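A.B. asks: I'll drop the sequence and a predicted model, then ask my questions.
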Amino acid sequence: MTLRTDYCGRLGVDDVDRRVTVCGWVASRREHSEHLAFVDLRDHTGVVQCVVDHAHDLRSEYVLRITGSVRRRPEGTVNPNIPTGEIELHDCDVEVLSTAEPPPFPVTDRTDADETIRLKYRYVDLRRPRMQRNLRLRAKVNSAIRRSFEDQGFVEVETPLLMVSTPEGSRDFVVPSRLKQGSFYALPQSPQLFKQLLMVGGTDRYYQIARLARDEDLRADRQLEFTQLDAEASFVDQDDVLEFVSESVAAATEAVTGERPALPMATMTWEDAAERFGSDKPDTRFGMELVELTPVFAGTEARAFQAPCIKGILVEGEGDIGRNRLDTLTDLAKQFGAKGLAWFRVRDAELEGQLTKFLSDDEQTKLREAVGARPGDLILAVADERRLVRTVLGRLRLELGRPPVYEGGLNYIWVVDFPLFEGVDDAGRPIPAHHPFTMPHPDDLEKMESDPLSVRSQAYDLVVNGWELGSGSVRIHRADIQQRVFSLLGIDPEEAQARFGFLLDAFRYGAPPHAGFAFGIDRLVAILAGEDNIREVIAFPKTQSGADPLTGAPAPIDQKQLDELGLRVLPPKS
RNA sequence: GGUCCUGUGGUGCAGUUUGGAGUGCACGCCGGCCUGUCAAGCCGGAGGUCGCGGGUUCAAAUCCCGUCAGGACCGCCA
């Protein structure tokens, strides 16, 4: 026996003449006189209007239980703006279950209060329809993902929350051990090593909706703790992984939007993404692609263009851009590492810009043709090392043309054939682009030692609207290849044993070929919910400085707790 | 670690450029009136450490320095 018979927002004309009981919060009170008042009662399904004859003591956000009779509203008083606008509850018995202080901010979707206050009073904020919608949308996504993986034969396995700290990757959140003072657990940045162990353990197909933590600085799309769909499968290749992940993402999308994305999802090589979009997470919702200009200026007199690589982008209709804006863009380009930014305002017969006097007529004509410029357009170009040119222009492209992340549909795209290494460190050693267990591309194995930077890997990212949703790879399961990668990275056998010994040991006992993936559920849900910030789809998120205004975390702990852990806190640096 | 933006009754904002009385708008709150509203309406009222500290000045919400908090971004996030 529950306190209610119905939910507010679900009542309609079909319920006319029923005597119903609803529970909820006072969304608004419109008091006409001592003997006529309207109370809108809100629960997570919506609001329903209750005609109450004495409402003076029913204030905003009071928690009420109202029993009343459903009737059609009198002629001329129907409210077409709300789903329950055709009916109302009359002849109401009102029970005050709980009184309430006036809320710190309006509990509506119409205005947004300051986020600190919203987070401090998150329990009030969550009453807003938008937040309830986001929570429920997220639950739908989780459930669709689970169903999809279950249907594809994956088994859910939980992995430890307290694990050993490994030096790779992001900074670990660390938990002191009381039983072994001076030793620490780490919260998982990823279940990576455990899921590979599960493959060695014969699990065949594993998935998990995993909570993870990384002690790095926050962003609109990054929290200290976050949620990922994590999956791994044995005896599969890259295409299999793309297929089962695509299937689950499609199922989640369909559960929310009602529309199933076309499968298979588009793929693009990393090289293509870098060349055309200057990014490994290309936003393909708009054009403004990077145009190769190196041949155009092969023999140029212009010093600024005497560089290994020149690329440009066409900004349509911005030929009248002001000097201020150009200076801002130039500053941005420099911030991204460029030496400068070349710009050309496209006029009818000529180009206007700081470099035109150094360019031949032929070069100017070819430049216009190469980018497809028309009078009134703007051309931006960067000359430098290829890698730098790509990223600088890629970022300028986003700065100039990128719509909000949730606009223009869902552009899922797989980026494949990532390089195995993304440059070299100070000691000249290659830096792994993914992680050191990533399988090189079979066609490139020959080049591993001779030209490591050109070796592709069997690593792949899923990107949507310029957001990296997730990444994965085929893993190395052969000791000889693993050994070659380690030695390229300068990790000798002893060190490898010290760092990943338990995984390498496991592989000695029969490792199946395996591959996997993980994608961020916070990001997926945010985009599906039309939010550009993942905090809006997390019930209790943290601020950019990692604080929770509601609970006060992080906070100092008692001396007694420190003593038990054998810890001493240093005085703050001055 | 860095760059930029923001901080003004409970909420959202204007006022800061060009210093001159806490000056204004909307919502909310309290009281009153009001029998068909729906962000009800009308009348009245209360409510302020202009984030905090210091400086300049006859005078600071406004200018300067520092600091705290929030946000966007760079670095960082294999």
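C.D. replies: Perfect, I can see it now. Residues are numbered from 1 along each chain as shown, chains lettered A, B, ... in the order given.

A.B. asks: With RNA strand B as the reference, measure out to A:Gly501.
C.D. replies: The gap separating A:Gly501 from RNA strand B is 16 Å, by C-beta to the nearest atom of the strand, to the nearest Å. Where you see a C-beta, it was placed from the backbone N, CA and C, and this is true even at glycine.

A.B. asks: Could you tell me which residues of the stretch 151-300 of chain A lie near RNA strand B?
C.D. replies: In this structure, the stretch 151-300 of chain A approaches RNA strand B at residues A:168-171, A:189-190, A:192, A:214, A:216-222, judged by C-beta under 7 Å from any atom of the strand.

A.B. asks: give me that answer again for 6 Å
C.D. replies: A:Glu168, A:Gly169, A:Ser170, A:Gln189, A:Ser190, A:Gln192, A:Arg214, A:Glu216, A:Asp217, A:Arg219, A:Ala220, A:Arg222 (C-beta under 6 Å from any atom of the strand).

A.B. asks: The fourth one: how many residues sit nearby?
C.D. replies: Here the neighbour count serves as a burial measure; for A:Gln189 (other C-beta atoms under 10 Å) it reads 20.

A.B. asks: Name the helix or strand for A:Arg65, please.
C.D. replies: strand A:63-72 (DSSP states H and E).

A.B. asks: The helix or strand following that strand to strand A:63-72, inter-axis angle?
C.D. replies: The C-terminal neighbour of strand A:63-72 among helices and strands, as given by DSSP H and E, is strand A:87-98. With axes from the mean of the first three to the mean of the last three C-alpha atoms, to 10 degrees as the basis, strand A:87-98 and strand A:63-72 are set at 170 degrees to each other.

A.B. asks: For chain A, give the strand that spans the most residues.
C.D. replies: Looking across chain A with DSSP state E, the single longest strand is strand A:19-33.

A.B. asks: For the helix or strand that that strand is followed by, list the C-alpha coordinates in CSV.
C.D. replies: Per DSSP H and E, the first helix or strand lying C-terminal to strand A:19-33 is strand A:36-43. Presented in CSV, the C-alpha positions along strand A:36-43 are these (Å, rounded to 0.1, in the frame of the first residue of the first chain):
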residue,chain,number,x,y,z
LEU,A,36,-10.6,29.5,-4.3
ALA,A,37,-7.0,28.7,-5.0
PHE,A,38,-5.0,26.5,-7.4
VAL,A,39,-2.1,24.4,-6.3
ASP,A,40,0.2,22.8,-9.0
LEU,A,41,1.5,19.7,-7.4
ARG,A,42,4.7,18.4,-9.0
ASP,A,43,6.3,15.0,-9.0
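
A.B. asks: Just want the angle from strand A:36-43 to strand A:63-72.
C.D. replies: On the basis of the same axes, to 10 degrees, strand A:36-43 is oriented at 110 degrees to strand A:63-72.

A.B. asks: and the strand holding A:Arg65, what's its mean pLDDT?
C.D. replies: What strand A:63-72 shows for mean pLDDT is 97.

A.B. asks: Check whether that strand comes near RNA strand B.
C.D. replies: No. For a cut-off given as C-beta under 6 Å from any atom of the strand, strand A:63-72 has no contacts with RNA strand B; the smallest distance is 8.5 Å.

A.B. asks: Just confirm A:Trp343 is within a helix.
C.D. replies: No. According to DSSP: H, G, I helix; E, B strand; the rest coil, A:Trp343 belongs to no helix; its state is strand.

A.B. asks: right, and it touches A:Gln354 too?
C.D. replies: Yes. Shown here, A:Trp343 and A:Gln354 form a contact pair, counting by C-beta atoms under 8 Å, at 7.3 Å.

A.B. asks: More neighbours: which of these two?
C.D. replies: Taking other C-beta under 10 Å, A:Trp343 and A:Gln354 do not tie; A:Trp343 has more neighbours (24 against 14).

A.B. asks: From A:Thr330, how far out is that one?
C.D. replies: Distance, A:Trp343 to A:Thr330, by C-beta to C-beta, to the nearest Å: 8 Å.

A.B. asks: next one: A:Gly319
C.D. replies: Taken as C-beta to C-beta, the span from A:Gly319 to A:Thr330 is 17 Å.

A.B. asks: what's the answer for A:Pro571, then?
C.D. replies: 44 Å.

A.B. asks: Those two: which has the busier surroundings?
C.D. replies: A:Thr330 (18 against 5).

A.B. asks: which residue sits closest to the more buried one, ignoring its sequence neighbours?
C.D. replies: In space, and not counting its chain neighbours, A:Thr330 is closest to A:Leu341: 4.4 Å by C-beta to C-beta, 6 or more residues apart in numbering.

A.B. asks: hey, where'd the strands end up in the stretch 301-450 of chain A?
C.D. replies: Remark: strands assigned in the stretch 301-450 of chain A by DSSP state E, counting those that start in this stretch are A:309-315, A:342-346, A:351-352, A:378-384, A:412-416, A:421-424, A:430-432.
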